[in-house]
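Chemist: The sequence isn't on hand, but the structure is:
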C-alpha cells in the first residue's frame, strides 16, 4: 500500500485536473466581447412570403448559405450582406438573424494612448449579423465572420424585434438562459421596428449602444415611464404566468435610442404596446416606482400646471375571496414634492394643498386603474402577479381557475385601487 | 527508479545509525581524543608542550612564562579573544605584586602559590579550575586565560573574555515606529542581558550548552519556569541534544535541525531580532533558543498567526492594531494570489471582471505579443531578480538598481509593448503587499507559493487556484510546531485566543495567557481600575519622600 500511494495520489490529481474540463484558456484580448445582441427576422426572399410557419430549413442548407456569405468582410457598412436573399434553390428562409455589437479593442487601445479625448480614427465597434434557425447555429456561423471568439460573459442588452417577439420569445429565452457564460442581470427589450437598428446607433455619450441602453434601462428614480427589469425577473414572471412587461426601445435617429413605454408579452408572445403613461401606471401598480414626476392641473387655475416629484411610495396588494371571486385591493401611500408651479397661487393655505393632494391622488389612481382596465379588457393578460398571489393564498381555488385565468377569470376579477398622496416639501418657494 | 532512490536514502540512514553505534562515522578530532585522556601533569614544561602540541603553531596563542620567586608559572590565552585590561589588571599585576610583597626570605611552595592565586590574589569575577587538557583548551579557545603553576596538576582559568563586538543597534528588518529600538547582536551574552533587562523574574532560566563538534557554539534555551510548559522545555532540550553537526553558523542551522517539517516551505520556528518580542513570547510561555554569533533568536512553538503579527500591534491602540492586522492578513493573500488571479481572470474567466475593466484590460493587452501567463512570469521573475540584486549590492548602488528596475525597465517594457500596464500595476502591488509581512521566513514562503499559484492559474484558472488553496489549507492543518497546530487558534478552535489574532482586543480583556500552548500559570492580569476608583487614590503610594 505504501509503495503505490504516490501513484494513487498522482492518479487522483490527474482525474481532478483532466475531468474538470476547464482548460480552454483564451486570452482576454483574443476574445470578442459581445455587449449587445439583437434578434431579427431575416429579410424575406423576394419570391416567397415570410417563413413564419415553416419548421425551419435543414441544417445543411444553412451551412451552405453561410459558406457563401463568408466571403464578405465583417464591416458594418456592408450590412446588405445579410440582407441578400437566399439562393432560390434553397427555398427556405432561415428563422432568425442575430446581430452582435462588439468593441474593436484596437480602436479602444488607440483612444487610450491619445489621452482619452478625440473620437477620431476608425469605428469603435463592430456590428455583425448572421442568420440561422437556431441560436447555436447562428453563434457558430458568426465565427466565419469575426476572427476572434465571441464571448457573451459581458452581454448587457438583448433586443428582440417586434416581429420575432410576435412569434414567441421562448427559443430566444432558452438560448440566453441556458448558455452558461451569460449573466442573468442582462436587460431584455423589445424593439419597435428593426432590432439591429438599435445596436447600430452610435450614441455620443457612450462608445457603445449597449452601454447607452443599459444605463437608460437601469433605474426608475428619474421617471416611471420605462421598465426596469432583468433576465432573472423576466424568467420568473414568464415561468409563473407566461406574461411579462418588457421595455420598449427604438432607434429614433442614428445617434439616439428612445426607451420609454413597454411591450406586453402574453404566453411568451408579443401582443401589444403600452404607452409611457400606461407604463407609469403599471409601475405604480406593481410598486416598482422609486421616482418620477407627474403634472397636475392647478385646482385654482385651470391653465396652470403643477409638477410633483415622487419621493417615496409603498404599495401593497391584498387579496380576498368574496363569494368565490377574487377581490384585489391595491393600497398605498406616496410622498411627493412640488418641484415646479407655473401659477401665482400660494401654497401656505392647507386647504389648497389638500386640494392639490386630492388631484394628485386622483391622477395616480386614474393611471393605475386605466392600465388595469386595459389589461383586463383589451389584452386579457395578468401582468400584475394576481394569479401568483391567488395560487399562494388559495391554492384550491387557483387549481380550478388556473387554465382559464387569463382569458376568463382575470378580466372578471374586482380590483380596488387606493393610493394616498402626501405633499411633503415645496422646495425653496411657497 | 523512485523506489531505488528511497531505498538508498533509507539504507544510508540505517547504515549511519549502525555506524554511530559503533562510534566510527563521526570520529572525534584527534586532539580531543588525546586531550580527554590527558589530565594535566605536575610538570609545567610538559603541560606547555602538550598545549603547544594540541594547538599547533597558531601565532595567536600567547604563552607568557614567569616566575614567582622560584616557582614557575605560565599564562596562556588567545590573542584578540581576551580583554587586555583584564589580563593586565586582574592576572599579571596581582601576580607580580604578590611576588614583590612577600617577604624576601619566604619561598612559595607551588601548592601555596596556587591556592593564594586562586582564592586571594586574582580579583577577577569568574574563576574556575581546569584539570584536563580538554577543558583547558576549550576554555582558552572561548577567550579565557589559563594560569598554570609548576608542580600543580590544575590550572586557574580566569575569565577575560573580550573581543570586538557590534554595539546594540536598531534591527533592520523588524523596525517599528512605536517601541524599543534595541536589537540583538552577535554576542550571546549581550542578547541574554537584553532579555534579562526586560524580565526581572528569578524564574527566567537561561540554560547554555555547546553544539557543534568543531564550532562548540553556545546555544542557550531561555524560558520562564512556572509559565512555560515543562514538557515543551524538555522537548526543546531533547531536540537540541539530537543535533550532531560539526559547526553551527547561524541559528538557522539549529532551526533546520529541530523543526518539525523540513520539507515544508513554511517556517514552523519563528525568528526575531527584537528582545521585546522574545520577552513577550517568554511571558506567554514560549521557549527561546539563543544562538551565539547571530542576532536571530528562535522562538518555539510558532503558529501561522505569530508570523503575521508585529510587536508594534501591542504598542498602539487596539483599534489601530486591529486595522493594521487586517491590512497585513489581506496583504498576505494579495502577495500570494494576485498574479495568479490576474492570469485566471484574463485567460479563463473574463466574465468575472466588470465590463469596463475587461475592456480596458483587453485594450492594454492588445499590443502585447505574449499570453497573460508569460507576461506575468516575466514580470514576477524580474521583480524577484531586482529584489535579489538589491540585497546583494552595496547600499548606495542598490538604490540605483531600484530606480533602474522600477522606472526604466518598467516604463520601457510598457512602452515597448512587452507587458501591459495593468500587469505592471499587479506586480508592483504584489511587491508592496509582500513587503508588509513582518517575518522574513514567512515572506519567503509566500513568495514561493505565488509562483505555484501562477502555474496553477495558467493551466486551470481559478479552479486550479482553489484546488491549490485547499491543498495549502490541508498542509497547514497537518503542520505542527513543537506539539502546537500551525492553524491554532483557528483549528483546533480556541475562542479565547481569537482575541489576539485578526482582531487585537484591548489589553484589558486579555486576562489569561494564550490557551493554545499549555503552561502552568494561566493567569495574567486583572482589571483593578474599579478597585482603585472605589478606594480613592492611594496617597502613600504616590507620596514623595
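Modeler: Okay, I see it. Computed from a predicted structure; not experimentally measured. Numbers count the residues shown, from 1 in each chain, chains lettered A, B, ... in the order given.

Chemist: quick one: what helix or strand has residue A:297 in it?
Modeler: When elements are assigned from DSSP states H and E, residue A:297 belongs to strand A:293-298.

Chemist: Whichever helix or strand comes after that strand pairs with which strands, parallel or anti?
Modeler: Next along the chain after strand A:293-298, taking DSSP H and E as the criterion, comes strand A:301-322. Paired with strand A:301-322 in the same sheet, following DSSP bridges, are strand A:293-298 (antiparallel), strand A:325-341 (antiparallel).

Chemist: Now do the buried residues in the shortest one.
Modeler: Translated: strand A:293-298. Going by neighbour count (16 or more other C-beta atoms under 10 Å in any protein chain shown), the buried part of strand A:293-298 is A:293-294, A:296, A:298. Placement of C-beta: from N, CA and C, glycine included.

Chemist: Return the member of those residues nearest to chain B.
Modeler: residue A:293 (30.7 Å; C-beta to the nearest C-beta).

Chemist: hang on, the closest one packs against residue A:306?
Modeler: No. Using C-beta atoms under 8 Å as the test, residue A:293 is too far from residue A:306 to be in contact (10.4 Å).

Chemist: show me what contacts the closest residue to chain A within chain B?
Modeler: At 2.7 Å from chain A, residue B:351 is the closest residue in chain B, using C-beta to the nearest C-beta. By C-beta atoms under 8 Å, 6 or more residues apart in numbering or on different chains, residue B:351 lies in contact with A:151, A:153-154, A:181, A:183.

Chemist: Chain B: which of those residues is nearest?
Modeler: For these, the nearest to chain B is residue A:153 (2.7 Å; C-beta to the nearest C-beta).

Chemist: Quick check: residues of chain A near chain B?
Modeler: A:3, A:6, A:16-17, A:20, A:22-29, A:31, A:33, A:35, A:103, A:105-106, A:108-109, A:112, A:151, A:153-154, A:156, A:181, A:183, A:211 (C-beta under 8 Å from any C-beta of the partner chain).

Chemist: Walk me through the domains of the chain.
Modeler: Picked chain A for this. A:29-274, A:281-425 (automatic domain parsing).

Chemist: not what I meant, chain B
Modeler: Using automatic domain parsing, the domain ranges for chain B come out as B:1-28, B:38-159, B:167-302+B:506-538, B:318-479.

Chemist: could I get those domains as CSV with mean pLDDT and distance to residue A:384?
Modeler: Shown next, in CSV, are these (pLDDT from 0 to 100; distance: least, C-beta to C-beta, whole Å):
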stretch, mean pLDDT, distance to residue A:384
domain B:1-28, 56, 71
domain B:38-159, 84, 95
domain B:167-302+B:506-538, 88, 56
domain B:318-479, 89, 33
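
Chemist: could the ones you listed go into CSV alongside distance to residue A:416?
Modeler: Output for these, formatted as CSV (distance: least, C-beta to C-beta, whole Å):
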stretch, distance to residue A:416
domain B:1-28, 82
domain B:38-159, 102
domain B:167-302+B:506-538, 59
domain B:318-479, 44
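
Chemist: Could you say which one of those comes nearest to residue A:162?
Modeler: Evaluated over the domains of chain B, closeness to residue A:162 peaks at domain B:318-479, with 27.6 Å, by C-beta to C-beta.

Chemist: roughly how far is the closest one from the heart of the chain?
Modeler: 29 Å (C-alpha atoms, centre = their mean, to the nearest Å).

Chemist: how far does that domain stretch from start to finish?
Modeler: 30 Å (C-alpha to C-alpha, to the nearest Å).

Chemist: how many neighbours does the nearest residue to residue A:225 once chain neighbours are set aside have?
Modeler: Excluding its sequence neighbours, the residue lying closest to residue A:225 (C-beta to C-beta, 6 or more residues apart in numbering or on different chains) is residue A:276, at 3.8 Å. Close neighbours of residue A:276, defined as other C-beta atoms under 10 Å in any protein chain shown, add up to 16.

Chemist: Then residue B:110?
Modeler: Using other C-beta under 10 Å: residue B:110 sits among 18 other residues.
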